[in-house]
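*Asks:* quick one, structure for this:
(one chain, ligands or ions: 1)
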Amino acid sequence: MTEPVISLRGVRAELGSRTVLRGIDLTVNRGEVVALLGANGSGKSTAVRTVIGQVPVTDGEIELFGTPRRRFRDWRRLGYVPQRTTAAGGVPATVTEVVASGRLSRARLGILRKADHEAIRRAIDLVGLGDRAKDSVNALSGGQHQRVLIARALASEPELLIMDEPMAGVDLASQEVLARTLRGEVARGTTVLLVLHELGPLEPLIDRAVVLRDGCVLHDGPPPKAVGQHALPGHDHVHPHAAPGTEPVRTGLLS
Ligand SMILES: Nc1ncnc2c1ncn2[C@@H]1O[C@H](COP(=O)(O)OP(=O)(O)OP(=O)(O)O)[C@@H](O)[C@H]1O
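*Replies:* Sure thing, here's the model as predicted:
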């Protein structure tokens, strides 16, 4: 039986005076890996930020694990990786300290115990930073920062992972580490919602794609076969070797 972990129905949201989401329906069922795609500014980040409560909705319903979002308090069930930012908050924190902050939601009375420290170490090892655990995050590259943020989200051993463009600006080696990490999470049943620009190395993991355009859902179904810009609405895919006058190949996602 399908069990919705995330459910958005008719969600509208405004930022400033601008309507950014115009009635979004989006369901992610337990164990599913769903990619949220769309052009720049289509509302992908805003949609996931409504789910975690960072952006208020002006209309519609959101449920997390079957509970209306405004009553949901069990945040340890969810790991969130924000859109590319730095893991360094201007203070000299180590990799372990940043990742440990992701475990606090599970620590009773805010005290980390042996099992917590083990989970933190596991999360750091999973993203391949075991040898950098004691280093300051200020000494890491952009891709390594991204791995720290993912380890922070994994530290609470969440049932649901929400990641906003985890591959942005990450080199190929780090992308492969992240894809492997995510494969492991998916194999143990974690539900995943990913904002992506292109499916890239994560393509084999994606069960379903939801494409946004201008704050509306344009497509909800199998992931588009073409990847990257080619898969996005508004892009007509013309093969360079196509005969002159040949019709562009439509991706099926165009209106
Ligand atoms: N704080 C804000 N105030 C006003 N408008 C905003 C704010 N943040 C984002 N927007 C606008 O909301 C729209 C949707 O932004 P959002 O970040 O959700 O898009 P996105 O699909 O995630 O884009 P990208 O692929 O570039 O990350 C954009 O037009 C953006 O300019």
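
*Asks:* low-confidence stretches in the stretch 101-250 of the chain?
*Replies:* 226-250 (pLDDT under 70).

*Asks:* strands of that one, residue ranges please.
*Replies:* For the stretch 101-250 of the chain, strands defined by DSSP state E, counting those that start in this stretch occupy the ranges 160-164, 191-195, 208-213, 216-221.

*Asks:* how far out from the middle of the chain is the last one?
*Replies:* This points to strand 216-221. Here strand 216-221 is found 17 Å from its chain centre; the criterion is C-alpha atoms, centre = their mean, to the nearest Å.

*Asks:* and for the third one?
*Replies:* Centroid separation for strand 208-213 versus its chain: 13 Å, with C-alpha atoms, centre = their mean.

*Asks:* who does that strand pair up with?
*Replies:* strand 33-38 (parallel), strand 216-221 (antiparallel) (DSSP bridges).

*Asks:* switch those strands over to JSON lines; also include mean neighbour count.
*Replies:* Glycine gets a C-beta too; all of them are placed from N, C-alpha and C. What follows is the strands paired with strand 208-213, written out as JSON lines (neighbours: other C-beta atoms under 10 Å):
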{"stretch": "strand 33-38", "mean neighbour count": "25"}
{"stretch": "strand 216-221", "mean neighbour count": "16"}
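
*Asks:* out of the ones you listed, the one nearest the ligand is which?
*Replies:* Smallest distance to the ligand across the strands paired with strand 208-213 (C-beta to the nearest ligand atom): 5.4 Å, for strand 33-38.

*Asks:* quick one: closest of the strands paired with strand 208-213 to L8.
*Replies:* strand 216-221 (9.5 Å; C-beta to C-beta).

*Asks:* does the closest one reach the ligand?
*Replies:* No - on the criterion C-beta under 6 Å from any ligand atom, strand 216-221 is out of touch with the ligand, staying 12.0 Å away.

*Asks:* now S136. Nearest residue, chain neighbours left out?
*Replies:* P92 (5.2 Å; C-beta to C-beta, 6 or more residues apart in numbering).

*Asks:* for the chain, which helix extends over the most residues?
*Replies:* Secondary structure of the chain read by DSSP state H shows that its longest helix is helix 172-187.

*Asks:* buried residues in that helix?
*Replies:* Judged by neighbour count (16 or more other C-beta atoms under 10 Å), helix 172-187 contains these buried residues: S174, Q175, V177, L178, A179, T181, L182, E185, V186.
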